[in-house]
Structure formats: C-alpha cells, structure tokens
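> coords below, sequence missing:
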C-alpha cells in the first residue's frame, strides 16, 4: 500500500525550481505576529504556462512534542494563460507566491507543500524557535 509521503520530493531550492521556499524569521516570541512568505522558484524561476505551472501551495505547522500537524493556509493558483484563443494566449497568469501572518505559542516546524502539474508534489520545511 502506498502512502502520500512517498510521493513528495524535496531538494535545495537554490538549485531546484520546484521546491517551496519558506521565508520568515526563525526566532519569535509567543503570540507575536510572524510574517511568512512561500514561493516557488526563488533563485530559478518556475515556468508559469498553460502546459507547466504550480497549481497550489499549502503551509502547515508541526509543534514540537506533538504528534499532528496543523494546516495554516492553502493557496490556489488558477490562471496560467489559458484562453479560448489557445494555450498561453490568456490575459492573466497567477504567480506562485503567497504571504500570511501567523501567531505561534510553541516552537516547531513550518512545512510547505506544493504541486507542479508536470513534476508532482514537493516539500520543504524550516524550524521556528518560540520564546
């Protein structure tokens, strides 16, 4: 039996255009607003065409010493140049970039997951220390 985690790929976002890039302070105080951005293709741009694009990014938090993760946000990107005129003839494109503010009560790990319509599921994570 397959498990979802078996299908996630990861890598160094500086060399791989599919890895979600989490940017935020890695230390914060309890209940203070923490700005978090997540993007795809920080140093190497990911294509954003009708044929090859990022469909979504999800952001999760796994508190230290807890078993389960919590979904923080889900961002869908639905415009990739589609048009009745043909592929890449549309009037708009959505950029795989998202920002949110969160408040944490404990240290843990932020986990980002993304989906490329050609190359599948990707993930990355970053540790956050809360004092």
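Perfect, I can see it now. Keep in mind the model is a prediction, meaning the values are calculated, not measured.
> residue ranges with poor pLDDT in this protein?
Applying pLDDT under 70 to the chain flags residues 13-14.
> the strands in it, which residues?
8-9, 20-23, 27-28, 34-40, 54-63, 70-76, 97-102, 108-116, 120-130 (DSSP state E).
> Present the ones you listed as JSON lines; the columns should include mean neighbour count.
No exception for glycine: its C-beta is placed from N, CA and C like everyone else's. Listed next are those as JSON lines, based on neighbours: other C-beta atoms under 10 Å:
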{"stretch": "strand 8-9", "mean neighbour count": "14"}
{"stretch": "strand 20-23", "mean neighbour count": "20"}
{"stretch": "strand 27-28", "mean neighbour count": "16"}
{"stretch": "strand 34-40", "mean neighbour count": "20"}
{"stretch": "strand 54-63", "mean neighbour count": "19"}
{"stretch": "strand 70-76", "mean neighbour count": "14"}
{"stretch": "strand 97-102", "mean neighbour count": "15"}
{"stretch": "strand 108-116", "mean neighbour count": "21"}
{"stretch": "strand 120-130", "mean neighbour count": "17"}
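> Adding distance to residue 82 as columns, could you present those strands in JSON lines?
Formatted as JSON lines, the strands of the chain follow (distance: least, C-beta to C-beta, whole Å):
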{"stretch": "strand 8-9", "distance to residue 82": "26"}
{"stretch": "strand 20-23", "distance to residue 82": "23"}
{"stretch": "strand 27-28", "distance to residue 82": "40"}
{"stretch": "strand 34-40", "distance to residue 82": "19"}
{"stretch": "strand 54-63", "distance to residue 82": "13"}
{"stretch": "strand 70-76", "distance to residue 82": "14"}
{"stretch": "strand 97-102", "distance to residue 82": "19"}
{"stretch": "strand 108-116", "distance to residue 82": "17"}
{"stretch": "strand 120-130", "distance to residue 82": "21"}
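> No further queries at this time; thank you.
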